[in-house]
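[1] Using only what follows, build the 3D model:
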Amino acid sequence: MTDGLAALRERLAARVIAANGIGSGRVAAALHDVPRHLFLPGVPPEAAYRDDAIVTKRDASGLPVSSSSQPAIMAIMLDQLELAPGQRVLEIGAGTGYNAALMRHIVGPSGLVVSVDIDADLAGRARDHLACAGYPDVLVLAADGADGCPAHAPYDRVIATVGVGDLAPAWLDQAAERARIVVPLDLGGPQLSVAFGRTGRHWTSRSVAPCGFMRMRGALAGPERAVPLEPGVFLLLPGPRDLDPAAVAAALAGPGTEQPTGVAAGPAQLMWSLGLWLAAREPRRCALSGEQRRAPALAGAPLRVQGVRTTFGIVDDDGIAVLSAAGAQAPECRPGPQWPDGPAGAAVTLGAAGFGRGAARLAADLAAQVRAWDEAGRPGPAGLHVDAYPRSSPDRPYPLRDELVIERPATRFVVYRA
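    Predicted structure coming up:
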């Protein structure tokens, strides 16, 4: 059995390294050596060694609140982090402990990994998994990650394994002068893993990569929220909005109006290119996610994210319109080197399905956004840069053409193309 587990681990590591262009030999060695199945007790080894995210906890409404992230995106983010032996690392979001083990493997006994999770239950489990896997010296704390861990600062590296909408002042204060910070940054819907380094008093991206993580909880929880419509069906909103969930659910249960777009696109284009377009231009934007049997509107959802049908749309008091691909098998959306074009053969032809009193108007508006995105050349994440200006910084963002400015409580983010 031991040989079989080693073979599964080797196969996963080889696949992740080759498919995602992982340049760090240290990250590759960690993937080869750290046994993921020990961090997923109760999950069959064959499943533990697939390149898939695995949900490990849900809240009372059924919304996933913790998972073991997809190994590919773990490797991509660790590659961005540029870890080295002897470094001190602060991790926000312990998960199962697997990512902390990968980092501990790289920094070695002369380094330090501190992992902080707001959920005491998850922190305890991660601590047990790490001890079982041979990494008992990883420090796992049950606390709000927004505060970091000042007792062991300064940190050479800071990484968040939860989606964040802001950079906590504590992380910046606890970061060493030449620190690198890698976070899944929420840009109003889609997320990008951004590796930040200091530039004067502000922070500038060194690299970006597509990603998708569950949102951070606690004091740094962003404005994004998931509104339950039915058991297992959620409306994802980028900020606080005065909408009646029952009215939206009733609209989705009624007849729909279909508006063709004439545009075909792959899953990565939809998630990180069209998603960014809507984030920059459409204040009514939303996403609908869940089980098809609970919401017939999800039957045509053009995406699957971690196995769950998902679609983008726009919503207001008169109803909702969502992207559809009637008759198509929704492809799985997975971060990787294929973005922004998506894997060959996975493109679907898009429509806009409207529901409620304003069905026709909303469907037409959504279809128009899709066509405008297509006519603009489908601008995506490639070539994007992100500058982060802490509110305490005397630096001021400089004006750029076609920039997206995102104002958050602690930070102003400026997203642009150089």
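
[2] Just to be sure, residue 389 is in a strand?
    Yes. Looking at residue 389 with DSSP: H, G, I helix; E, B strand; the rest coil, it is inside a strand.

[3] My guess is it contacts residue 395. True?
    Yes. With contact defined as C-beta atoms under 8 Å, residue 389 reaches residue 395; the gap is 5.8 Å. C-beta coordinates here come from the backbone N, C-alpha and C atoms, glycine included.

[4] quick one, what contacts residue 129?
    38, 39, 41, 96, 97, 98, 101 (C-beta atoms under 8 Å, 6 or more residues apart in numbering).

[5] got the residue ranges for the helices in the stretch 101-250 of the chain?
    For the stretch 101-250 of the chain, applying DSSP state H, counting those that start in this stretch gives helices covering 120-133, 169-174, 245-253.

[6] in the last one, what's buried?
    Buried residues in helix 245-253, counted by 16 or more other C-beta atoms under 10 Å: 247, 248, 249, 251, 252.

[7] JSON lines for those, including pLDDT?
    JSON lines is the format used below for those (pLDDT from 0 to 100):
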{"residue": "247", "pLDDT": "96"}
{"residue": "248", "pLDDT": "95"}
{"residue": "249", "pLDDT": "94"}
{"residue": "251", "pLDDT": "95"}
{"residue": "252", "pLDDT": "93"}
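
[8] which of those lies closest to residue 184?
    Closest to residue 184 out of those is residue 248 (26.9 Å), distances taken as C-beta to C-beta.

[9] gap between the closest residue to residue 38 other than its chain neighbours and residue 95?
    Of all residues not flanking residue 38 in the chain, residue 133 sits nearest, at 4.5 Å (C-beta to C-beta, 6 or more residues apart in numbering). From residue 133 across to residue 95, the span is 14 Å (C-beta to C-beta, to the nearest Å).

[10] Those two: who's more crowded?
    More crowded of residue 133 and residue 95, by other C-beta atoms under 10 Å: residue 95, with 28 against 21.

[11] Which of the three states applies to the more buried one?
    For residue 95, the reduced secondary structure class is coil; criterion used: three-state DSSP.

[12] I figured it was touching residue 68, is that so?
    Yes. With contact defined as C-beta under 8 Å, residue 95 counts as touching residue 68 (6.0 Å).

[13] what touches both of these two?
    With C-beta under 8 Å, 6+ apart as the test, residue 95 and residue 68 both reach residue 56.

[14] residue ranges of the helices in the stretch 251-400 of the chain, please?
    267-269, 275-281, 359-375.

[15] mean pLDDT for the ones you listed: which is lowest?
    Sorting the helices of the stretch 251-400 of the chain by mean pLDDT places helix 267-269 lowest, at a mean of 86.

[16] Report all helices and strands that that helix contacts.
    Helix 267-269 is packed against no helix or strand, with contacts defined by 3 or more C-beta pairs under 8 Å, 6 or more residues apart in numbering; DSSP states H and E.

[17] just how off-centre is it within its chain?
    The chain centroid and the centroid of helix 267-269 are separated by 14 Å under C-alpha atoms, centre = their mean, to the nearest Å.

[18] where along the stretch 251-400 of the chain do the strands fall?
    For the stretch 251-400 of the chain, the strands defined by DSSP state E, counting those that start in this stretch cover 256-265, 285-290, 303-305, 308-316, 319-324, 348-355, 384-390.

[19] now do the stretch 51-200 of the chain
    54-58, 64-68, 88-92, 112-117, 139-142, 155-160, 175-186, 191-199.

[20] Reformat these as JSON lines; add distance to residue 407 and mean neighbour count.
    Formatted as JSON lines, the strands of the stretch 51-200 of the chain follow (distance: least, C-beta to C-beta, whole Å; neighbours: other C-beta atoms under 10 Å):
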{"stretch": "strand 54-58", "distance to residue 407": "32", "mean neighbour count": "16"}
{"stretch": "strand 64-68", "distance to residue 407": "27", "mean neighbour count": "20"}
{"stretch": "strand 88-92", "distance to residue 407": "22", "mean neighbour count": "25"}
{"stretch": "strand 112-117", "distance to residue 407": "26", "mean neighbour count": "25"}
{"stretch": "strand 139-142", "distance to residue 407": "30", "mean neighbour count": "19"}
{"stretch": "strand 155-160", "distance to residue 407": "20", "mean neighbour count": "26"}
{"stretch": "strand 175-186", "distance to residue 407": "13", "mean neighbour count": "21"}
{"stretch": "strand 191-199", "distance to residue 407": "17", "mean neighbour count": "21"}
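
[21] so which of the ones you listed gets nearest residue 358?
    With C-beta to C-beta, the closest approach to residue 358 among the strands of the stretch 51-200 of the chain belongs to strand 175-186: 27.3 Å.

[22] orientation of the closest one relative to strand 191-199 in degrees?
    Angle of strand 175-186 versus strand 191-199, following axes from the mean of the first three to the mean of the last three C-alpha atoms, to 10 degrees, is 160 degrees.

[23] Identify the residues contacting strand 175-186?
    77, 80-82, 88, 153-165, 167, 171-172, 191-198, 203, 206, 211-213, 215, 222, 224, 238, 386, 413.

[24] gap between it and the chain center?
    Counting by C-alpha atoms, centre = their mean, strand 175-186 comes out at 16 Å from the chain centroid.

[25] tell me the mean pLDDT over the lengthiest helix in the chain?
    In the chain, taking DSSP state H as the definition, the longest helix is helix 2-20. For helix 2-20, mean pLDDT is 90.
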